[in-house]
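Asks: prediction below, plus the sequence it came from.
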Amino acid sequence: MAVELRMLQMDQTMTKGKIGKWLVKEGDSVTEGQPLLEIETDKVVHEQEAPTDGIIAQILPEEGSNVPVNALLAIIAAPGEEVERVEADTAVPAQEIDAPEQRKTTPSAATRTQPKPSTQMTVPIKASPSAQQLAEKLAIDLAQVKASGPGGRILESDVHRYIETREPTTTEPIRLKASPLARRLAKEFGLDLTTITGSGPDGRIVRDDVLQATDEIPAHVFHPETMASEIIELSGMRKIIAERMTMSLQTNASVTLHTEVDATTLVELRTLFNEELQKTEVSLTYTDLLVTIVAAALRKHPRLNATLTDEGIEIFTDINIGVAVALDDGLVVPVIRNADKIGLHAISDQVRTLADKARNNQLVPSELQGGTFTLTNLGNFGIDAFTPIINPPECAILGVGRIAKKPVVHEDEIAIRRMLALSLTFDHRIVDGAPAAQFLQNVSQYIQNPYLLLLI
């Protein structure tokens, strides 16, 4: 019996994944547990494995496609089994995910064995969803469009190419051949494209044709289209981060509190610890100490360790702190689980191990899931204070700046102390300003007097 391979949900906030690379092709024999493809999310590159032995009967989404969670990726058939081919956009509708493992399907319209089509049967037109939508909008018969996609699949670019090259009919006005940039420039300058002669292929009007049609470009008008530039494709991790951060700002009632705390004693304590740890070649970082401090403060202020659901405010009993790790093309947030229970030494080991795995692209989905609060430290980059963005669906995030020597009033005298800037962004729908300020005040107290942690 054929088995459907569907897009797995790697974490509770994932809605789609990008097909990075197929590791198999149609007709290949596969065994259960064999990696079939690489899936890129905003957090990790994950290999999805075969749920059973069999033959790859059909691969649906192309490499580079963004695919919703639970969408059909491929069909795995038993040896010798005939399976009807399906279209990605007409596949079995995605259902609610009720288990992380792949499900074997009963015979259905998508997978049951069908008799071979007769010569009278109409061959279905294969087209991407975007190509179908564009064709429907412009009343274009897809049978007239030449396909360039894999397996004779019509892409959106094929529809655009057809629009530009088709012959006008008596009932259809002549469509000018012009590049999108040329159209924008003509509109900006108030030019009639019908008065411009195109120099591009088949008389297509391009940017230079529009510019030549203008007597001059007014000095006070800024036209970025005419300037030399470079386009960096917004894709993969960068694209998903952009979507999630926009979603965070649009859906959360974000408020940021800033404060500055005397971290002189914390610096001295770290120096003392590292002197004792020299023989072990282990060095504690400020992030290690701050994870310990934040976890202790969250135990006293559980409203910051929460999320908003349809049923109300859900307060987590576990304190799982995500630590942001910067990468070349984005950032990931591996999670330190039960940070309030495991102790400073274990926290240090986990922070170091997870950061190394993140930079080597070796994190697995479970190491990125289940965070209840996030810590992001930009102190190494010389940043004082900033406004961090909440990592949904969490309630809050603490931004940490650099530790800098400053003259301050200490015990009624001017003294040089080591000051640390903290920035707490929280969701005002879940917690009000005063409780959030009390949490930040508690964090500051632990930083100023870290020995208070011994009393917990």
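Replies: Sure thing, it's come through.
Asks: any low-confidence regions in the stretch 51-200 of the chain?
Replies: 88-123, 137-138, 166-176 (pLDDT under 70).
Asks: if we go to 50?
Replies: By pLDDT under 50, the low-scoring segments of the stretch 51-200 of the chain are 89-122, 169-174.
Asks: do you have the strands of it handy? List them.
Replies: 54-59, 66-68, 72-77 (DSSP state E, counting those that start in this stretch).
Asks: for those strands, which one ends up most surrounded?
Replies: Ranked by mean neighbour count under mean count of other C-beta atoms under 10 Å, these are led by strand 72-77, which reaches a mean of 24. Any C-beta I mention is one placed from the backbone N, CA and C, and that applies to glycine too.
Asks: parallel or antiparallel, list what pairs with it.
Replies: Using DSSP bridges, the strands paired with strand 72-77 in its sheet are strand 3-6 (antiparallel), strand 54-59 (antiparallel).
Asks: got the ones you listed as CSV, with distance to Glu136 columns?
Replies: Putting those into CSV (distance: least, C-beta to C-beta, whole Å) gives the following:
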stretch, distance to Glu136
strand 3-6, 27
strand 54-59, 25
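Asks: can you tell which of those is closest to Cys395?
Replies: With C-beta to C-beta, the closest approach to Cys395 among the strands paired with strand 72-77 belongs to strand 3-6: 31.5 Å.
Asks: tell me the buried residues in that closest one?
Replies: Within strand 3-6, the residues that count as buried by 16 or more other C-beta atoms under 10 Å are 3-6.
Asks: next one: stretch 14-23
Replies: Neighbour counts over stretch 14-23 (16+ other C-beta under 10 Å) mark 14, 16-20, 22 as buried.
Asks: what's the farthest-apart pair in these?
Replies: Met14 and Trp22 (19.9 Å).
Asks: how about the strands of the stretch 51-200 of the chain in JSON lines, adding distance to Ile315?
Replies: Putting the strands of the stretch 51-200 of the chain into JSON lines (distance: least, C-beta to C-beta, whole Å) gives the following:
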{"stretch": "strand 54-59", "distance to Ile315": "44"}
{"stretch": "strand 66-68", "distance to Ile315": "30"}
{"stretch": "strand 72-77", "distance to Ile315": "37"}
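Asks: quick one, which of the ones you listed is nearest to Tyr286?
Replies: Per C-beta to C-beta, nearest to Tyr286 of these: strand 66-68, 37.9 Å.
Asks: pairing partners for that closest one, with directions?
Replies: For strand 66-68, using DSSP bridges, the partner strands are strand 16-22 (antiparallel).
Asks: so what's the closest residue to Thr197 other than its chain neighbours up against?
Replies: The spatial neighbour of Thr197 that comes closest, neighbours along the chain excluded (C-beta to C-beta, 6 or more residues apart in numbering), is Asp209 at 6.8 Å. Residues in contact with Asp209, defined by C-beta atoms under 8 Å, 6 or more residues apart in numbering, are 182, 196-200.
Asks: how about a cut-off of 6 Å?
Replies: Applying C-beta atoms under 6 Å, 6 or more residues apart in numbering, one finds that Asp209 lies in contact with 196, 198-199.
Asks: before we move on, the earlier item: between the strands of the stretch 51-200 of the chain, which one is nearest to Gly152?
Replies: strand 54-59 (13.8 Å).
Asks: check the offset of that closest one from the chain's centre.
Replies: Between the centre of strand 54-59 and the centre of its host chain there is 29 Å, according to C-alpha atoms, centre = their mean, to the nearest Å.
Asks: ok, and what's touching it?
Replies: 24, 26, 28-29, 74-79, 83, 85.
Asks: ok, now stretch 439-446?
Replies: Contacts with stretch 439-446, where a contact means C-beta under 6 Å, 6+ apart, come from 257, 259, 261, 293, 297, 300-301, 304, 424, 452.
Asks: so which of those belong to strands?
Replies: Among the contacts of stretch 439-446, DSSP state E puts 257, 259, 261, 424 in strands.
Asks: residue contacts, the second one?
Replies: Taking C-beta under 6 Å, 6+ apart as the definition of contact, the neighbours of Thr259 are 422, 440.
Asks: look up how far Cys395 lies from it.
Replies: 18 Å (C-beta to C-beta, to the nearest Å).
Asks: same deal with Gly20?
Replies: 32 Å.
Asks: just Ala437 next, same as before
Replies: In terms of C-beta to C-beta, Ala437 sits 15 Å off from Cys395.
Asks: these two: who's more crowded?
Replies: Counted by other C-beta atoms under 10 Å, Ala437 and Cys395 do not tie: Cys395 has more neighbours, with 29 against 14.
Asks: from what I see, the more buried one and His428 are in contact.
Replies: No. Assessed by C-beta atoms under 6 Å, Cys395 is found out of contact with His428, at 9.9 Å.
Asks: and Thr265, how many neighbours does it have?
Replies: For Thr265, using other C-beta under 10 Å, the count is 15.
Asks: my bad, Asn360
Replies: 8.
Asks: kindly report the same for Arg303.
Replies: 18.
Asks: do the same with Arg238
Replies: 14.
Asks: please apply the same query to Ile231.
Replies: 5.
Asks: go on, Thr165?
Replies: Counted by other C-beta under 10 Å, the residues lying close to Thr165 total 13.
Asks: before we move on, what SS does the nearest residue to it once chain neighbours are set aside have?
Replies: Ranked by C-beta to C-beta, 6+ apart and with sequence neighbours excluded, the top spatial neighbour of Thr165 is Asp202, at 7.0 Å. The three-state label given to Asp202 by DSSP: H, G, I helix; E, B strand; the rest coil is helix.
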